[in-house]
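**Q** Sequence first, then the predicted structure, then my questions.
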Amino acid sequence: AQSVSQHNHHVILSEAASLELGCNYSYGGTVNLFWYVQYPGQHLQLLLKYFSGDPLVKGIKGFEAEFIKSKFSFNLRKPSVQWSDTAEYFCAVNARRGSTLGRLYFGRGTQLTVWP
Amino acid sequence: SAVISQKPSRDICQRGTSLTIQCQVDSQVTMMFWYRQQPGQSLTLIATANQGSEATYESGFVIDKFPISRPNLTFSTLTVSNMSPEDSSIYLCSGETSGGLTDTQYFGPGTRLTVL
């Protein structure tokens, strides 16, 4: 079975600091990659996704992520965080097997707290 | 994308009772899924709800405990049967828009269940 690792469980930053959240996965084949965000009291929302092409993908609210196949990583970045970015961030992966997709696997999440 | 709603948003139940959670999608999706999210943990897939056929359960989850229905393409229910305090969790519904190998899941707001 696949696994998804998010090494940072809780990250605390001041506003305007740069952010990088790590995500590594264990599957050796072709994958689809996602970052979801859950703001306090709100539901899980899609932040960005990677299927193919340019390994640097841009999402909503100034977030971006870079797929590095050789490192099995899909790290999330933002150059300057805001207080409103306080949320829990989940990395998710599913594997392509021929013409089908496997189920979606989630990391355990990273809680980001941004101090004003 | 898809907009997904769930009812109820939260409930407090007595041990031994059952609760049925409803999930409604605003557009047709190919597949619907049910997840459990326990505090501080990742999302765990319970089952895939298939329209017109029996749900597909993940290891550790059984139909007698979590019966699922999907009578049409935009609606599904999950029942948590014979509840115990260990079933206290957030239950999430998701729908997957069809893009072939670029399918994307969108999530409902969740149902927060507390079992006393």
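**A** Done, it's in.

**Q** what's the offset of stretch B:26-39 from the middle of its chain?
**A** Relative to the centre of its chain, stretch B:26-39 is centred 6 Å away, using CA atoms, centre = their mean, to the nearest Å.

**Q** Just the buried residues of it, please?
**A** For stretch B:26-39, the neighbour count (16 or more other CB atoms under 10 Å in any protein chain shown) marks B:29, B:31, B:32, B:33, B:34, B:35, B:36, B:37 as buried. Every residue, glycine included, has its C-beta placed from N, CA and C.

**Q** Near chain A, which residues of chain B are found?
**A** B:1, B:33, B:40-43, B:45, B:48, B:58, B:92, B:100-110 (CB under 8 Å from any CB of the partner chain).

**Q** and the helix-or-strand element of chain A with minimal mean pLDDT, does that touch chain B?
**A** Least confident helix or strand, chain A: strand A:100-101 with a mean of 72, by mean pLDDT, DSSP states H and E. Yes - interface with chain B: strand A:100-101 contributes residue A:101 (CB under 8 Å from any CB).

**Q** what pairs with that strand, and is each one parallel or antiparallel?
**A** strand A:87-97 (antiparallel) (DSSP bridges).

**Q** How far does the partner strand sit from its chain's centre?
**A** Offset of strand A:87-97 from its chain centre (CA atoms, centre = their mean): 7 Å.

**Q** ok, now stretch A:6-26?
**A** That offset, for stretch A:6-26, works out to 9 Å (CA atoms, centre = their mean).

**Q** circling back: could you point out the helix or strand that follows the least confident helix or strand of chain A?
**A** strand A:105-106 (DSSP states H and E).

**Q** any idea where the strands of chain A begin and end?
**A** With strands called from DSSP state E, chain A shows them at A:4-5, A:10-14, A:19-21, A:24-25, A:31-38, A:44-50, A:56-58, A:64-68, A:73-78, A:87-97, A:100-101, A:105-106, A:110-115.

**Q** Kindly reformat those as CSV and extend each row with mean neighbour count.
**A** Formatted as CSV, the strands of chain A follow (neighbours: other CB atoms under 10 Å in any protein chain shown):
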stretch, mean neighbour count
strand A:4-5, 18
strand A:10-14, 13
strand A:19-21, 18
strand A:24-25, 20
strand A:31-38, 22
strand A:44-50, 19
strand A:56-58, 13
strand A:64-68, 18
strand A:73-78, 20
strand A:87-97, 21
strand A:100-101, 14
strand A:105-106, 21
strand A:110-115, 16
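
**Q** Could you count how many residues lie near residue 16?
**A** All of this is about chain A. 10 (other CB atoms under 10 Å in any protein chain shown).

**Q** meant chain B actually
**A** Residues near residue B:16, counting by other CB under 10 Å: 10.

**Q** Could I get the contacting residues of it?
**A** Neighbour list for residue B:16: B:82, B:83, B:84 [criterion: CB atoms under 8 Å, 6 or more residues apart in numbering or on different chains].

**Q** And the pLDDT at residue B:100?
**A** pLDDT, residue B:100: 69.

**Q** which intervals of chain A have sub-threshold pLDDT?
**A** Low-confidence segments of chain A (pLDDT under 70): A:1, A:99.

**Q** could you redo the last one with a cut-off of 80?
**A** A:1-2, A:28, A:96-102 (pLDDT under 80).
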